[in-house]
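Enquirer: The sequence and its predicted three-dimensional model are supplied below.
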Amino acid sequence: MNRTLRAFRAVAFESFLEGIRARTLYNVFFASLFLLGVGYLAALLVYGHQERVLLHFGLLVNALSVFVVAAGAGARSIHAEIEQRTAGPVLARPVSRSAYFFGKWAGILAFSALNLALLYGILAIGVREAGVSFSAPFFLAFLQSFGLILAESAVVSALALFCSLFFRPGITVLIALSFFFIAHNHPQLALIAKEGGGGGILPLLMRVTPDGGAWLMDLRVYYQQPLEAFDWMLRVGYGLGWALLFALAGNAVFYRKNL
Amino acid sequence: MSHEPALKVEGVGFSIGKRTLLHGIHLAIPAGSALAVVGHNGAGKTTLFQLILGLKFPDQGRITIFGESSLTERARQKIGYVPERPYLNPDHTLGRALRYHYELAGLPPATRNAEIERVASGVGLGGHLEQKLRTFSKGMLQKSMIALALLGDPPLLILDEPMSGLDPEARETMKAWFLDWKSKGRTILFSTHVPEDVESLANRVLALKEGRMIKELA
């Protein structure tokens, strides 16, 4: 393995462990567990279709949880190292800035994937208990939704890393979550814009954000309708394309940033 | 044998906004010698070191390390750096910090454990590899930074006020290491506020004031 790859791997591993160590991320994880529990209880109170309530609620909580984790980790990761000056001794090594930047991002993605896998595991147990049969189409749709949420978390974390080079973590998280909100409300924004609301800013906002609807699968999971493999790959690619766009922009800024 | 200076700084300037922190600095350190950079706080010593290390980018001028641009990875492989304060993750053990930096330095995997043991023992911390850095004293943290800098035996050491805040005993130990590194042919660039350190350790002195070179003495 060459030196750049070893540096990338070392930074990614550190970033992953840092994610596991950070207490706020534990808090998000346990808050998500709590919400899944609340969803389970809420489902019990509904007459009929309990599994549907639980599934919808669970998928939403899982997605929100992993986006908060990805935005938080992206906002702090490089920013904290610059603020605490621990980046200095690291980048004084023969480490390219790109290896460092992409290593940080890869670590966040790995941690997000682990977080999401744990939450999906818990949700799977919950919905099975609620009576959902794990047929092959259901299982495939369930796994596909995992992949799409992960692709979207890649977009959120890359955006957070990019913004963290300019702003404090609180502002970065706010931007990343606003971005998520806008991305998931394209149809509503289009409607408002069509009725003349929002001035000229809404079409612009829609142009600079992806359509988050491409990554929503909760109904398909419930109705056990997995996407065609090509369609699913296209949606994952759409997410990774946006993620790469932000990551490359972040890398370009970081490449010449005075620390 | 190459006659390139270990470090050459040619007309380097650096500004933040309208404020100029360094004005056209020139210096060259022959291999195997020690140069002390002196000056008050804010004179530009740390900025100069950060430019040499590639942590900041000069607005003008050029820096080479053994003939190669300081921005290349090959050049930085020849540097060991000790910052003014021990900027380390306090949740790491010393062993983990050393392993991390060993990987970053791109040193051969086969010799990792031996090298980590060598540098930790070299600074008297061989028995503390599994101890968390948050439990270390200031002196132990400074020694940890030196151990990190010595990984891979780099020919050029850059030390930013390495003795600040150390007790007299630790200072004497550090001085002895300095002399040992010099005797082994290492090139040393360091900053200090203490005149006696300059006299006992440096071959040459560069004085900075408000980002300008005001004196260079042999």
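Expert: Okay, I see it. Numbers count the residues shown, from 1 in each chain, chains lettered A, B, ... in the order given.

Enquirer: residues in contact with the nearest residue in space to B:Pro195 that is not next to it in sequence?
Expert: With C-beta to C-beta, 6 or more residues apart in numbering or on different chains as the criterion, B:Pro195 has its nearest non-adjacent residue at 8.0 Å, and that residue is B:Val38. Yep, even glycine has a C-beta here, placed from its N, CA and C like the rest. Listed by C-beta atoms under 8 Å, 6 or more residues apart in numbering or on different chains, the contact partners of B:Val38 are B:45, B:191-193, B:195, B:198, B:205-208.

Enquirer: mind running it again at 10 Å?
Expert: By C-beta atoms under 10 Å, 6 or more residues apart in numbering or on different chains, the contact list for B:Val38 reads B:45, B:190-195, B:197-198, B:202, B:205-209, B:214-215, B:217.

Enquirer: So which of the residues you listed sit within strands?
Expert: B:190-192, B:205-209, B:214-215, B:217 (DSSP state E).

Enquirer: Filter the residues you listed down to the buried ones.
Expert: B:190-192, B:205-208 (16 or more other C-beta atoms under 10 Å in any protein chain shown).

Enquirer: can you list contacts of the top helix by length along chain B?
Expert: The longest helix of chain B (DSSP state H) is helix B:168-183. Defining contact as C-beta under 10 Å, 6+ apart, one finds that helix B:168-183 is touched by B:32-34, B:80, B:82, B:122-124, B:137-140, B:142-143, B:146, B:150, B:157, B:159, B:162-167, B:186-188, B:190, B:194, B:196-197, B:200-203.

Enquirer: Now with 6 Å, please.
Expert: With contact meaning C-beta atoms under 6 Å, 6 or more residues apart in numbering or on different chains, helix B:168-183 is reached by B:34, B:139, B:163, B:201.

Enquirer: State the distance from the residue in the stretch 101-250 of chain A that chain B sits nearest to to B:Ala43.
Expert: Across the stretch 101-250 of chain A, the shortest distance to chain B (C-beta to the nearest C-beta) belongs to A:Gly103, at 9.9 Å. Here A:Gly103 is placed at a distance of 35 Å from B:Ala43 (C-beta to C-beta, to the nearest Å).

Enquirer: Those two: which is more packed in?
Expert: A:Gly103 (26 against 21; other C-beta atoms under 10 Å in any protein chain shown).

Enquirer: For the more buried one, list the residues it contacts.
Expert: A:8, A:11-12.

Enquirer: With respect to B:Leu133, which of those residues is nearest?
Expert: A:Val11 (18.6 Å; C-beta to C-beta).

Enquirer: Report whether the strand or helix carrying the closest one contacts chain B.
Expert: Using DSSP states H and E, A:Val11 maps to helix A:3-21. Yes: Helix A:3-21 reaches chain B (C-beta under 6 Å from any C-beta of the partner chain) through A:3, A:6-7, A:10.

Enquirer: so who does A:Phe67 touch?
Expert: A:153, A:156, A:180.

Enquirer: please redo it, this time with the cut-off set to 10 Å
Expert: A:28, A:112, A:149, A:152-153, A:155-157, A:160, A:176-177, A:179-180.

Enquirer: quick one on the thing from earlier: check which residues of the helix or strand harbouring the residue of the stretch 101-250 of chain A closest to chain B are buried.
Expert: Taking DSSP H and E as the definition, A:Gly103 sits inside helix A:97-129. Judged by neighbour count using 16+ other C-beta under 10 Å, the buried positions of helix A:97-129 are A:97-113, A:115-116, A:119-120, A:122-123, A:126-127.

Enquirer: moving C-terminal of that helix, what's the next helix or strand?
Expert: Past helix A:97-129, the next helix or strand by DSSP H and E is helix A:136-164.

Enquirer: got the angle for the helix or strand that that next one is followed by vs helix A:136-164?
Expert: Once helix A:136-164 ends, the next helix or strand along the chain (criterion: DSSP H and E) is helix A:169-183. Interaxial angle, helix A:169-183 versus helix A:136-164 (axes from the mean of the first three to the mean of the last three C-alpha atoms, to 10 degrees): 130 degrees.

Enquirer: any idea how far chain A is from B:Leu151?
Expert: From B:Leu151 across to chain A, the span is 9 Å (C-beta to the nearest C-beta, to the nearest Å).

Enquirer: try B:Leu150
Expert: In terms of C-beta to the nearest C-beta, B:Leu150 sits 13 Å off from chain A.

Enquirer: State the number of residues packed around the nearest residue to that residue once chain neighbours are set aside.
Expert: Nearest non-adjacent residue to B:Leu150, counting by C-beta to C-beta, 6+ apart: B:Val119, 4.6 Å away. When neighbours are defined as other C-beta under 10 Å, B:Val119 has 23 of them.

Enquirer: check contacts around B:Val119.
Expert: So B:Val119 contacts B:80, B:98, B:101-102, B:125-126, B:144, B:146-153 (C-beta under 10 Å, 6+ apart).
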